[in-house]
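Q: Whatever this is, show me its structure:
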Amino acid sequence: MNGESFQLAAGLSDGRLRLHRCMTVGVLRHRKRKRMQQIISVPPLTTVSFECKLHDGEITSIMSSASGRELYVLGEKEDSIAAIDVLRRAMTKRIAISEMPTSLAIRDNERSLMVGTQRGHVLVVSKRNFNASEISAHKKPVISVATHPVKGIAVSVAADCTMRSWNVETKEQKSETRTSSAPLGFQWSPSGNLYALGFADWTLVVEYGGRCMGQIRHIGANGCPVAFVNDSCIAAGTEKTPLLYRIDEEKASVTCSQAMQHVGIDSDILSMTVIRCLKSSRDLIAASTTMGDIVVWDLETCNAIGWLPGDGEAVTCLSSFPPRSTFDRGKFKFADGRRPFGPGIDGIKAAASSSSSNADKRHL
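A: From the prediction side, this is the model:
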């Protein structure tokens with residue numbers, strides 16, 4: 001892999017947000033020998049970074065719009081959501097929430113945000129006028145809310161040991177499931193055929209119809225962040241390195257298949273995200289640590305291809321943008337037909353100036 005590019009948004013425990021546009025080194029070409037040689041050491045990623053202070057507490061959630069032009073950032077114990085314009089590299093607005101928000105999701109049509117609150121409600125917030133409609137979902141704080149990538153439903157899990165699904169249009173409850181303990185997180189697979197339901201000591205992988213595929217036992221004091229690669233593979237962060245688990249739908253099993261290359265991480269993994277490169281269809285996985293380092297692995301070879309050194313402040317939330325599902329494989333365009341950024345800051349500035357001068361010829 002030579003010169004792959006991708007974008008990451010990292011939320012820190014002190015309320016800072018960092019945007020990285022990364023270029024990997026990965027492989028060096030030796031002209032004399034006319035062959036490829038893999039770099040043995042893990043190289044640092046070349047990156048153009050933007051950093052801003054958004055919240056007083058740690059950042060708990062980062063959601064990207066389908067085009068990747070907007071990021072919505074939620075902080076701990078904050079009564080507002082910060083909206084970031086990626087092209088302008090600035091916060092454009094702060095959306096006030098009537099209740100203390102605890103979790104965040106974007107609806108598939110991008111017309112509204114789904115917000116879980118401390119009082120157990122799920123709010124549907126319009127992105128046009130910021131009006132909120134309330135769903136009385138739970139009796140205790142909402143831990144996580146997620147919208148289905150295809151169907152018009154949303155799922156919320158809460159500290160009252162319940163998981164409920166909702167019709168996002170009619171706001172009617174579709175189902176309710178009680179759990180043995182309070183869930184810590186919920187995540188859909190890219191297709192929506194599976195979901196992962198996290199608890200303190202394990203994560204369940206469940207089919208959309210309700211059949212349990214299996215469970216992943218946790219290792220480490222900070223729990224076990226997970227990230228779906230596809231419907232047949234899920235990555236789980238252990239104490240020092242991610243593990244890949246194979247999901248067999250026929251046998252209804254989840255088994256550990258491979259470990260990422262160990263690179264001597266001295267701190268626990270806090271967050272993970274799967275990345276689709278801008279120049280190819282290759283998948284990567286990035287993991288952040290309590291010391292602020294971000295390490296990136298190639299999912300095909302399981303080798304570490306680069307890292308972003310931290311400053312000692314924990315990266316509590318990590319997200320790739322735009323989401324992997326918005327890429328048209330092989331054509332290097334977003335789902336709405338627009339092209340990815342030009343390289344670096346110059347490309348971003350050029351795109352922004354072109355956008356402001358002629359709205360009808362807007363390109364990323």
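Q: Quick check: bridge partners of Phe50?
A: Counting by DSSP bridges, Phe50 forms beta bridges with Leu19.
Q: any idea how far it lies from Ser64?
A: Separation of Phe50 from Ser64 (Cβ to Cβ, to the nearest Å) stands at 15 Å. Just so you know, the C-beta spots here come from the backbone N, C-alpha and C atoms, and that holds for glycine as well.
Q: More neighbours: which of those two?
A: More neighbours surround Ser64 than the other of Phe50 and Ser64, with 21 against 16 (other Cβ atoms under 10 Å).
Q: any low-confidence regions in this structure?
A: 1-4, 24-43, 46-48, 108-110, 219-223, 239, 278-280, 323-364 (pLDDT under 70).
Q: Report the central residue of it.
A: Nearest to the geometric centre of the chain sits Ser319, at 3.5 Å (Cα atoms, centre = their mean).
Q: Contacts only, for the closest residue to that one other than its chain neighbours.
A: Nearest residue to Ser319, sequence neighbours excluded (Cβ to Cβ, 6 or more residues apart in numbering): Ile62, at 4.2 Å. Listed by Cβ atoms under 8 Å, 6 or more residues apart in numbering, the contact set of Ile62 reads 9, 11, 17, 71-74, 317-319.
Q: Pull the number of nearby residues for Lys251.
A: 10.
Q: Report the beta-bridge partner residues of the residue nearest to Ser319.
A: Here Ile62 sits in beta bridges with Val73, as judged by DSSP bridges.
Q: Same check on Glu176?
A: With DSSP bridges as the rule, Glu176 is bridged to Arg164.
Q: Surely it is in contact with Met163?
A: Yes. Glu176 is within contact range of Met163, at 7.3 Å (criterion: Cβ atoms under 8 Å).
Q: So for these two, which residue has more residues nearby?
A: Taking neighbours as other Cβ under 10 Å, Glu176 and Met163 compare with Met163 leading, 21 against 11.
Q: just to revisit the earlier point, residues in contact with the residue nearest to the centre of the chain?
A: 8-9, 62-64, 71, 273.
Q: Which neighbours in the sheet does the helix or strand encompassing it have, and how are they oriented?
A: In this assignment (DSSP states H and E), Ser319 forms part of strand 315-320. Here strand 315-320 has these sheet partners by DSSP bridges: strand 5-12 (antiparallel).
Q: which parts of the partner strand are buried?
A: Buried residues in strand 5-12, counted by 16 or more other Cβ atoms under 10 Å: 5-12.
Q: and if you look at stretch 101-119?
A: The neighbour-count check on stretch 101-119 (16+ other Cβ under 10 Å) flags 101-108, 112-117, 119 as buried.
Q: give me the beta-bridge partners of the nearest residue in space to Glu99 that is not next to it in sequence?
A: In this structure, Glu99 finds its nearest non-sequential neighbour in Thr117, 3.9 Å apart by Cβ to Cβ, 6+ apart. Residues in a beta bridge with Thr117, per DSSP bridges, are Pro101.
Q: circling back to that earlier point, which single one of the contacts of Ile62 is nearest to Asn303?
A: Nearest to Asn303, judged by Cβ to Cβ, of the contacts of Ile62 is Leu318 at 19.6 Å.
Q: The closest residue in space to the closest one that isn't next to it in sequence: which element?
A: Spatially, and ignoring its direct neighbours in sequence, Leu318 is nearest to Ser271 (4.1 Å; Cβ to Cβ, 6+ apart). Using DSSP H and E, Ser271 sits within strand 269-276.
Q: got it, and Cys22?
A: strand 16-23.
Q: Show me which of the buried residues of stretch 101-119 is closest to Pro225.
A: Out of the buried residues of stretch 101-119, the member with the shortest distance to Pro225 (by Cβ to Cβ) is Ser103, at 15.0 Å.
Q: ok now do Leu104, which residues does it touch?
A: Taking Cβ under 8 Å, 6+ apart, one finds 61, 63, 72, 74, 81, 113-116, 145 in contact with Leu104.
Q: hmm, try it at 6 Å
A: 61, 63, 74, 115 (Cβ atoms under 6 Å, 6 or more residues apart in numbering).
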